[in-house]
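Visitor: one predicted model, sequence on top.
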Amino acid sequence: MKIGVIGGGAAGFFAAIHASGPGREVTIFEKSPKLLSKVKVSGGGRCNVTHRPLEISKLVKNYPRGEKFLKKVFAHFKSEDTIEWFENRGVALKVEADGRIFPTTDDSQTIIDALMREAQKLKITILTSVGIKSIHPLEKGFKLETDKSEFKFDILIIASGGHPKTDGYQFLSNLKHTLSAPIPSLFTFNTPGEPLRELMGISMPDGLVKLEGTKLNYRGPILITHWGLSGPAVLKLSAFGAEWLYDHQYRAKAIINWNAEMGEMDYSDHLAKYSLNHPARKVKSHPLFGVPVRLWEHLIEISGIESPQTFNTLSKKQVNKLVQNLFCYILTVNGKTTFKEEFVTAGGITLNEVNPETMESIYYPNLFFAGEVLNIDGITGGFNFQAAWSTAFLAGKSTFKDAL
Ligand SMILES: Cc1cc2nc3c(=O)[nH]c(=O)nc-3n(C[C@H](O)[C@H](O)[C@H](O)COP(=O)(O)OP(=O)(O)OC[C@H]3O[C@@H](n4cnc5c(N)ncnc54)[C@H](O)[C@@H]3O)c2cc1C
């Protein structure tokens, strides 16, 4: 039984490992000279290999695309299984406070070494600098063409990753499968000309960011940068709003509640109480609601509050304005900046053409898909690798089901 795997990344290795067995010849094709190159750079060189175990219904909520599909996949292999797999192979892991899981070495090479060792043990053939140019389904099996030669396989697993441009999927064009166009996900918002940018470096630990004209809103830390707005709440919004933002050419209004614990009435009530208890205090020098001084000064300035004003001198209009700026600060977004630490592409093989119980193509028996080549993407936190491990495990194992 000859099994071909296209892609020497996380999904390709994991699928090849799980497709290996007695009487099987497994070959990985990697077009670049380097193997597992994204694993190497992932998580700032530490590889955030998965996320703290969550119930499947909660785990899938971290995937802007693929939620329903992954519910079925994770029933076969989830975060707990990833942890167990690596720990059984001598990789000690640690969970950080925010749920991200890393090797205790804080070095992605540890993950690479574990995958390489396993591949060697299973005698998987690895061909680097061999890019597949086209795939030809045969009556039985598949023919793969490179620039120089041809290969035939009984079973094929495609784990070629995501690409920011449609060209990257060109080698799949002989197949009937359709592609959701690649679009960026996980980016930060540019806000040219907004005075808020002067407050770069300021962060709020628990804000809420909404996208005007949509139902999308995400909670979490917000960070003001010299080009605009960043932080986990913004990244989540960019991922779940990827299609909407793409369609709107990254022009939008972001509405910020600086302290997600507070509703509009809470801000008003608290301000009224504070004014009663501390009437003579200067507004400017007494920031409230956990707002850092510089941001507070900006908010009171744009609310028309003068520097020397004390709380008892605030007019109703000024209080209302301040509440508005605290609860729904409106920011004009124009453009985006790629988030360098961890980015993924939304788009890829359309999910309803792949069986989520086996990862097999609905068009071609013995053709399987795994990893980011599928229209699946997660937010930051180890979710993208988890999707790669899970789909690859299932694709690899499913190659055993079919008696050819
Ligand atoms: C900088 C960065 C940091 C990241 N950090 C994290 C993190 O910490 N945690 C996390 O969960 N996710 C992270 N991600 C996302 C994660 O790396 C990817 O989701 C994951 O690597 C996808 O694995 P994959 O095997 O499907 O694709 P890839 O890793 O992209 O592997 C696909 C491979 O296929 C090869 N290939 C493509 N076409 C062909 C062809 N025609 N013939 C032969 N070979 C081909 C490619 O060269 C590539 O090596 C990060 C991404 C980036 C870019």
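Guide: Nice, I can see it. Numbering: from 1, shown residues only.
Visitor: only C-alpha atoms from now on, for both contacts and neighbour counts.
Guide: OK.
Visitor: state the pLDDT value of the spatially closest residue to residue 288 that is not a sequence neighbour.
Guide: By the measure of C-alpha to C-alpha, 6 or more residues apart in numbering, the closest residue to residue 288 outside its immediate chain neighbours is residue 296, 7.8 Å from it. At residue 296, the predicted lDDT confidence score is 98.
Visitor: residue 368 touches residue 158, doesn't it?
Guide: Yes. Between residue 368 and residue 158 there is a contact under C-alpha atoms under 8 Å: 6.2 Å.
Visitor: out of the two, which sits in the busier spot?
Guide: Summary of the neighbour comparison: residue 368 and residue 158, criterion other C-alpha atoms under 10 Å, with residue 368 having more neighbours (27 against 24).
Visitor: now do the SS call for that one.
Guide: What DSSP: H, G, I helix; E, B strand; the rest coil gives for residue 368 is strand.
Visitor: any idea how far the ligand is from it?
Guide: Relative to the ligand, residue 368 is positioned 13 Å away (criterion: C-alpha to the nearest ligand atom, to the nearest Å).
Visitor: all numbers from here: first residue = 12
Guide: Understood, numbering begins at 12; the last thing we discussed is residue 379.
Visitor: next up, the contacts around that residue.
Guide: When contacts are counted by C-alpha atoms under 8 Å, 6 or more residues apart in numbering, residue 379 is found next to 167-169, 369-372, 406.
Visitor: residue 216 and the ligand: what is the separation?
Guide: Between residue 216 and the ligand the computed distance is 22 Å (C-alpha to the nearest ligand atom).
Visitor: same deal with residue 224?
Guide: For residue 224, the distance to the ligand - C-alpha to the nearest ligand atom - is 29 Å.
Visitor: which SSE is that residue in?
Guide: Per DSSP states H and E, residue 224 falls between elements, in no helix or strand.
Visitor: mind giving me the packing neighbours of the helix or strand of the chain with the lowest mean pLDDT?
Guide: The helix or strand with the lowest mean pLDDT-type score in the chain, counting by mean pLDDT, DSSP states H and E, is strand 347-349 (a mean of 89). With contacts defined as 3 or more C-alpha pairs under 8 Å, 6 or more residues apart in numbering; DSSP states H and E, the packing partners of strand 347-349 are strand 198-201.
Visitor: OK, contacts around the residue nearest to residue 356 when sequence neighbours are not counted?
Guide: For residue 356, the nearest residue in space outside its immediate sequence neighbours is residue 195; the separation is 5.1 Å by C-alpha to C-alpha, 6+ apart. With C-alpha under 8 Å, 6+ apart as the criterion, the residues that contact residue 195 are 175, 253, 257, 355-357.
Visitor: the ligand: which of those is nearest?
Guide: Looking at the contacts of residue 195 and their distance to the ligand, the nearest is residue 355, at 5.7 Å (C-alpha to the nearest ligand atom).
Visitor: tell me how many other residues crowd that closest one.
Guide: Other residues near residue 355 come to 25 when the count uses other C-alpha under 10 Å.
Visitor: then residue 233?
Guide: By the other C-alpha under 10 Å criterion, the neighbourhood of residue 233 contains 24 residues.
Visitor: residue 365 too?
Guide: Count around residue 365 with other C-alpha under 10 Å applied: 21.
Visitor: do I have it right that it meets residue 377?
Guide: No. The pair residue 365 and residue 377 does not pass the contact test of C-alpha under 8 Å, sitting 11.6 Å apart.
Visitor: any common contacting residues for the two?
Guide: Here residue 365 and residue 377 have residue 371 as joint contacts, going by C-alpha under 8 Å, 6+ apart.
Visitor: give me the domain ranges for this structure.
Guide: If the domains of the chain are taken from automatic domain parsing, they occupy 13-195+352-409, 198-349, with pieces of a single domain joined by a plus sign.
Visitor: spell out which parts of this structure neighbour the ligand.
Guide: The interface of the chain toward the ligand, taken as C-alpha under 6 Å from any ligand atom, is made up of 17-23, 40-43, 49-50, 52-54, 58-61, 142-144, 170-173, 182, 352-355, 382-384, 393-396, 399.
Visitor: mind checking which of those residues are in strands?
Guide: Residues of the residues of the chain next to the ligand located in strands (DSSP state E): 17, 40, 61.
Visitor: hmm, the first one is touching residue 166, no?
Guide: No. The pair residue 17 / residue 166 is not scored as a contact, 11.3 Å apart, by C-alpha under 8 Å.
Visitor: between those two, tell me which one has more neighbours.
Guide: Neighbour comparison, residue 17 and residue 166: the larger count goes to residue 17, with 27 against 22 (by other C-alpha under 10 Å).
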